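> With the input below, show me the fold.
(3 chains)
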Amino acid sequence: MAIGPDFFKDVYDVVRLVPFGRVTSYGAIAAYLGAKSGARMVGYAMNAAHAELPYVPAHRVVNRNGMLSGKHHFGSPDAMQILLEKEGIKVENDQVLDFEKVFWDPNLHLSL
DNA sequence: CAAGTGACTACAG
DNA sequence: ACTGTAGCCACTT
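Below you'll find the predicted structure:
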C-alpha cells in the first residue's frame, strides 16, 4: 500500500481492513498512509465515509485515547457505541474499555 | 482572498 | 495528572 492520489480512498481501505472486534486511531491511519500530521484529514475523510460504498466501519476508528469522538456524526449519538458493543468491544462514557487490548495498529499488521 | 471550523495530537503550564 | 495552547491540512463562508 502506498499513498495514492485519493487520500480518502486509502483511508477507507485501511478502515475496512480493521479486524472485527478491533479498533484503531486516526493518527495510526494517518501514519500508515504517510500523512504524519494528517490525523485531522483522516477525521475529515470519515466525515464523508458514511456515503462510501462498500460500507466503511467508521465506528472502529477512535481518537488516540480510545474516545468515541465521532459518535455524533452517526445517525444516532448512540449508534457508534451500539456497533462497537455488538463486536464485543465494551464502551463506557464514550470511551473504549481495554483500549490497548482491542487497539489495532495498521503499521504493525499491514505491510507497506 | 482572508478567516473560521473540525470525527486530531503533541507539548507546555 | 489536568487544562490550555498551538500546529496541522482541507474545506466552507
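
> Leaving out the residues flanking it, which one is nearest to residue A:12?
Taking C-beta to C-beta, 6 or more residues apart in numbering as the measure, residue A:12 lies nearest to residue A:56, with 5.0 Å between them; neighbours along the chain are not counted. (C-beta placed from N, C-alpha, C; glycine too.)

> The one you found: what secondary structure?
Applying DSSP: H, G, I helix; E, B strand; the rest coil to residue A:56 yields a three-state assignment of coil.

> Tell me how many other residues crowd it.
23 (other C-beta atoms under 10 Å).

> Next, the contact list for it, please.
A:12, A:15, A:16, A:46, A:49, A:50 (C-beta atoms under 8 Å, 6 or more residues apart in numbering).

> Need those residues in a markdown table (columns: secondary structure and neighbour count).
Converted to a markdown table, these look like this (DSSP: H, G, I helix; E, B strand; the rest coil; neighbours: other C-beta atoms under 10 Å):
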| residue | secondary structure | neighbour count |
| --- | --- | --- |
| A:12 | helix | 23 |
| A:15 | helix | 22 |
| A:16 | helix | 13 |
| A:46 | helix | 23 |
| A:49 | helix | 21 |
| A:50 | coil | 12 |
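
> Farthest pair within the residues you listed?
Between all members of those, the longest pairwise span (C-beta to C-beta) is found for A:16 and A:50 and amounts to 13.8 Å.

> For residue A:29, state which of the contacts of residue A:56 is nearest.
Using C-beta to C-beta, the shortest approach to residue A:29 within these belongs to residue A:15, at 7.0 Å.

> In contact with residue A:102: list those residues for me.
A:21, A:22, A:23, A:89, A:96.

> of these, closest to DNA strand C?
DNA strand C has its nearest neighbour among the contacts of residue A:102 in residue A:96, at 16.7 Å by C-beta to the nearest atom of the strand.

> All good on my end, thank you.
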